[in-house]
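this one's structure only:
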């Protein structure tokens with residue numbers, strides 16, 4: 001399989017017409033071989049199937065103008081072999097290319113999943129030990145606070161220690177949420193309701209220069225999820241979008257249903273109806289060189305003290321527990337879109 005697109009030194013339609021002309025005049029295998037090569041080259045160049053029909057029609061018309069005594073039916077009947085060669089070669093090359101792309105995508109997904117599982121296990125182990133240390137710090141600090149006169153400078157300093165320790169505990173909780181392997185309490189949840197509730201809380205904290213747009217096509221769509229985790233997912237993706245916007249901007253939420261069959265099925269999903277939840281922002285976008293790393297724990301492009309790099313890794317873990325996948329589409333300077341696909345839950349009535 002060629003990895004780079006071929007360069008056509010003349011329009012493919014003209015090449016096609018020349019091959020038909022050569023086959024008309026001399027027959028033989030060489031024009032058929034070249035026709036097959038042209039069909040493959042069209043695939044590698046990314047040409048759509050409908051262009052082949054146009055090439056064939058234009059080539060036949062050009063040949064008819066050169067040979068006015070020959071009827072179109074006669075020309076089409078005689079030129080069937082090179083026509084079929086192009087179509088067959090195009091179809092086989094297209095199928096092989098799609099197969100390789102699909103296998104490559106599956107392999108990439110598996111590598112990412114294994115890497116995230118290993119990082120999650122490591123992070124969870126460290127977090128448990130760190131949590132024990134924080135408990136000791138917090139306990140001794142609170143006992144010391146009980147022995148210090150109210151209003152003193154020492155009391156204020158120790159209260160800052162307590163506040164910082166509690167923030168660290170919250171960070172540890174997020175690490176554990178990323179790395180945990182136990183089953184969560186899943187119940188049928190309307191994703192539209194979770195979105196509405198979460199945004200009602202977030203609106204008061206968002207900058208006035210950022211607008212929110214909600215486009216819900218399926219308000220009754222259910223997913224099996226932990227309600228708290230679902231709100232955590234929405235909150236983390238929203239905060240990520242807010243941080244990507246400088247000045248005025250827009251965050252758009254959309255919710256609809258898509259159906260996948262065996263012939264149109266993304267990796268890691270099963271055939272059937274899926275809830276598609278998308279969050280798009282008009283921010284700075286994600287550079288291509290780091291887009292494959294954004295779900296890694298502790299990976300962040302923010303300055304020191306402005307983020308832990310755990311938000312998107314937690315989102316990744318929640319999506320996996322939903323039985324879904326998360327995709328990212330972004331162009332630097334043109335914003336980013338996070339797409340989540342997870343199985344739709346259908347309630348059965350007794």
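Yep, that arrived. As the structure is a prediction and not an experimental result, all values here were calculated from the model.

The residue nearest to residue 199 when sequence neighbours are not counted and residue 129: what is the separation?
Nearest residue to residue 199 in three dimensions, chain neighbours excluded: residue 212, at 6.3 Å (C-beta to C-beta, 6 or more residues apart in numbering). Glycine gets a C-beta too; all of them are placed from N, C-alpha and C. Between residue 212 and residue 129 the computed distance is 40 Å (C-beta to C-beta, to the nearest Å).

same deal with residue 317?
Going from residue 317 to residue 129 by C-beta to C-beta gives 20 Å.

What segments of the chain are helices?
12-26, 30-44, 50-66, 72-78, 80-146, 153-179, 191-202, 227-244, 311-321 (DSSP state H).

Can you give the distance from the third one to the centre of its chain?
Its chain's C-alpha centre and that of helix 50-66 lie 40 Å apart, by C-alpha atoms, centre = their mean, to the nearest Å.

if we can go back for a sec, show me what contacts the residue nearest to residue 199?
Neighbouring residues of residue 212 by C-beta atoms under 8 Å, 6 or more residues apart in numbering: 199, 203, 206, 250-253.

what bridges to it?
Residues in a beta bridge with residue 212, per DSSP bridges, are residue 251.

Kindly report the same for residue 223.
residue 189.

So for it, what's the pLDDT?
Here, the pLDDT recorded for residue 223 equals 94.

does it really touch residue 340, like I thought?
No: look at residue 223 against residue 340 with C-beta atoms under 8 Å: they stay out of range, at 9.6 Å.

Now the common contact residues for the two.
Between them, residue 223 and residue 340 share the contacting residues residue 322, judged by C-beta under 8 Å, 6+ apart.

Check the residue nearest to residue 199 and give its pLDDT.
Looking at residue 212, its pLDDT reads 94.

Return the set of buried residues in stretch 219-226.
Neighbour-count burial for stretch 219-226 flags 221-223, 225-226 (criterion: 16 or more other C-beta atoms under 10 Å).

where in the stretch 201-350 of the chain is pLDDT low?
Applying pLDDT under 70 to the stretch 201-350 of the chain picks out residues 262-264, 267, 297-311, 349-350.

how about the strands in it?
In the stretch 201-350 of the chain, the strands defined using DSSP state E, counting those that start in this stretch lie at 210-216, 222-225, 249-260, 272-281, 325-330, 336-343.

any chance of those strands in TSV, with distance to residue 157 too?
Listed next are these as TSV, based on distance: least, C-beta to C-beta, whole Å:
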stretch	distance to residue 157
strand 210-216	37
strand 222-225	42
strand 249-260	39
strand 272-281	40
strand 325-330	43
strand 336-343	41
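
so which of the ones you listed gets nearest residue 100?
Set against residue 100 and scored by C-beta to C-beta, the strands of the stretch 201-350 of the chain come closest in strand 325-330, at 19.7 Å.

by how many degrees do that closest one and helix 227-244 diverge?
Here strand 325-330 runs at an angle of 10 degrees relative to helix 227-244 (axes from the mean of the first three to the mean of the last three C-alpha atoms, to 10 degrees).

Right, I'll call it a day here.
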